[in-house]
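Enquirer: structural data only, the sequence is not supplied:
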């Protein structure tokens with residue numbers, strides 16, 4: 001069972017980038033999921049920010065992912081802007097928020113960087129299974145000149161799979177995004193997902209990046225970065 005609170009000092013994503021020049025690699029190669037540069041960069045974060053070394057290994061729980069999809073569709077049934085874009089962002093904020101607050105994600109699903117923000121890799125195949133089982137229905141609803149794909153729940157989610165802390169995070173995410181359009185939610189994901197900003201298109205977003213603060217760096221952080229720059233002669 002992970003700790004309910006984790007002592008840590010979140011770093012800003014600009015601090016993570018500050019390690020890059022010392023790796024001796026070009027900027028345009030470090031985003032690859034198989035690239036030494038990115039792996040070395042994350043290793044340095046684990047070394048210099050000890051809280052990240054204590055995080056348990058992430059394991060994907062398909063049963064929880066299935067039920068989370070159904071529950072988010074239930075909670076968003078009256079949301080006029082609910083669709084695939086918002087569902088993907090809800091899933092991402094739930095999992096990465098839980099990793100940050102509880103020490104492990106809710107489902108452990110893999111997320112990738114897409115143009116409109118993080119997307120869950122298992123969503124399409126898992127939702128197809130749910131549809132085949134009669135747990136959800138997929139509808140295409142017109143939105144202006146386009147169509148929005150809506151996940152409509154046909155049964156209640158099994159909430160016994162989730163802890164009270166996990167459900168609290170999920171409900172907070174739904175409430176936070178409910179009044180936002182799909183476009184606004186995508187912009188929010190760009191602003192608040194450090195991992196989305198630190199990998200290349202279609203690369204996995206590492207869960208450890210949930211610990212990186214996306215707020216503007218404080219004066220103390222800026223001084224820390226200046227000290228690194230002076231030490232390394234940048």
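Expert: That came in fine, so what should we check first? Please read these numbers as outputs of a predicted model, since none were measured by experiment.

Enquirer: who does the helix of greatest length in the chain touch, helix- and strand-wise?
Expert: In the chain, taking DSSP state H as the definition, the longest helix is helix 84-102. Where contact means 3 or more Cβ pairs under 8 Å, 6 or more residues apart in numbering; DSSP states H and E, helix 84-102 is packed against helix 62-75, strand 111-114, strand 117-120, helix 123-133, strand 146-153, helix 164-177, helix 182-192. For glycine as for every other residue, the C-beta is placed from the backbone atoms N, C-alpha and C.

Enquirer: show the model's pLDDT score for the residue sitting nearest the centre point of the chain.
Expert: Residue closest to the mean C-alpha point of the chain, counted by Cα atoms, centre = their mean, is residue 92 at 3.7 Å. Residue 92 is assigned 96 on the pLDDT scale.

Enquirer: who are the contact partners of it?
Expert: For residue 92, the contacting residues are 111, 117-120, 189, 193, 205, by Cβ atoms under 8 Å, 6 or more residues apart in numbering.

Enquirer: pLDDT (mean, whole number) over stretch 108-118?
Expert: Mean predicted lDDT for stretch 108-118 stands at 92.

Enquirer: what distance separates the start and the end of it?
Expert: For stretch 108-118, the first and last residues are 14 Å from each other (Cα to Cα, to the nearest Å).

Enquirer: may I see the buried residues of that stretch?
Expert: Buried positions in stretch 108-118, judged by neighbour count with 16 or more other Cβ atoms under 10 Å: 108-113, 116-118.

Enquirer: that's all I had, so thanks and see you.
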